[in-house]
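Asks: based on what follows, work out the 3D shape:
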Amino acid sequence: MSLNDRGQDFESRYAHDQDRKFRIEARATKLLGLWAAGKLGHAGAEADAYAAALVQLDLGARGSKDVIDRIRQDFRSAGVQQSDHQIERHYSESLEEAEKQIAAS
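Replies: Numbering: from 1, shown residues only. Sure, this is the predicted structure:
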């Protein structure tokens, strides 16, 4: 294997890993959004729209920090009692579940 082939192989693996990471984070944000939507009393299409809006927000510069801040703000506005720790813990659980789902597909 030539040095050029190794470089191309490395680039290919890096691109694959970055794509996988992106899909896992997007899926985790969707799962977190659906959980939060349920806590806010949203169901069906309304819950899906809320989760989709969070996925779009996740694409911003701050990523999951923006999402967690938005959920925290929405919970406070709606009077939903969830601590920051509970929201962040659920995000961690969503990441684990998303990784399993992506691996299975």
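Asks: for the chain, give me the ranges with low pLDDT.
Replies: Counting by pLDDT under 70, the chain contains low-confidence residues at 1, 3, 61.
Asks: would you map the strands across it?
Replies: Per DSSP state E, the chain carries no strands over any range.
Asks: buried ones in the longest helix along it?
Replies: When the chain is parsed with DSSP state H, its longest helix is helix 3-39. Neighbour counts using 16 or more other C-beta atoms under 10 Å place 24-37, 39 of helix 3-39 among the buried residues. The way it works is simple: take the backbone N, C-alpha and C, and place the C-beta from them, glycine included.
Asks: point to the residue nearest the middle of this protein.
Replies: Taking C-alpha atoms, centre = their mean as the criterion, Thr29 is the residue nearest the geometric centre of the chain, at 2.3 Å.
Asks: once you drop chain neighbours, what's closest to that one?
Replies: In space, and not counting its chain neighbours, Thr29 is closest to Asp58: 4.5 Å by C-beta to C-beta, 6 or more residues apart in numbering.
Asks: got a list of what the closest residue in space to Ala51 that isn't next to it in sequence touches?
Replies: Spatially, and ignoring its direct neighbours in sequence, Ala51 is nearest to Gly33 (3.0 Å; C-beta to C-beta, 6+ apart). Counting by C-beta atoms under 8 Å, 6 or more residues apart in numbering, Gly33 makes contact with 47, 50-55, 67, 71.
Asks: and Ser94, what does it touch?
Replies: Residues in contact with Ser94 (C-beta under 8 Å, 6+ apart) are 28-29, 31-32, 35.
Asks: tabulate those (CSV), appending distance to Glu97.
Replies: Converted to CSV, the contacts of Ser94 look like this (distance: C-beta to C-beta, whole Å):
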residue, distance to Glu97
Ala28, 7
Thr29, 12
Leu31, 6
Leu32, 10
Trp35, 10
